[in-house]
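>>> no sequence on hand, only this structure:
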């Protein structure tokens, strides 16, 4: 029996869906995550590189990302930010860093 997608896959899908809904579809170029724990929480740190055509909608979406809400089954996004953003005439490449924690109430 499959347990469903892992938290990294769910986060990638949520980011892509939010961008698409904001009118700026993105492509996930690279994604990596490592387990993380504190005295009270367990989760993962994520680094996701995405690319997209330059647009005002993309700029708005990236600027709003730290305040975005994510629906991830069994997990909460505790922090998300745009760590780097490189722009060229051909496109934008951004690195998103996020911290997810397991939702023990789930």
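Nice, thanks for sending it over. Note that this is a predicted model, so its numbers are computed, not measured.
>>> from here on, just use CA atoms for contacts and neighbour counts.
Will do.
>>> residue 15 should be in a helix, yeah?
Yes - looking at residue 15 with DSSP: H, G, I helix; E, B strand; the rest coil, it is inside a helix.
>>> so what pLDDT did it get?
With respect to pLDDT, residue 15 has a value of 97.
>>> burial of it, as a residue count?
Residue 15: 22 surrounding residues under other C-alpha atoms under 10 Å.
>>> and residue 42, what does it touch?
Residue 42 is in contact with 35, 36, 101, 102, counting by C-alpha atoms under 8 Å, 6 or more residues apart in numbering.
>>> now the last one: how far from residue 69?
Which is residue 102. With distances taken as C-alpha to C-alpha, to the nearest Å, residue 102 is found 15 Å from residue 69.
>>> just the buried ones from the contacts of residue 42, in ChimeraX syntax?
When burial is assessed using 16 or more other C-alpha atoms under 10 Å, the buried subset of the contacts of residue 42 is captured in ChimeraX by this command:
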select :101,102
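>>> low-confidence regions, this structure specifically.
Under the criterion of pLDDT under 70, the regions of the chain flagged as low confidence span 1-2, 105-106.
>>> where do the strands sit along it?
With strands called from DSSP state E, the chain shows them at 27-37, 42-52, 75-87, 92-102.
>>> relative to residue 61, which of those is closest?
Comparing the strands of the chain by their distance to residue 61 (C-alpha to C-alpha), the top pick is strand 75-87, with 10.5 Å.
>>> pull out the buried positions in that closest one.
Buried residues in strand 75-87, counted by 16+ other C-alpha under 10 Å: 75, 76, 77, 80, 81, 82.
>>> cheers, nothing more for now.
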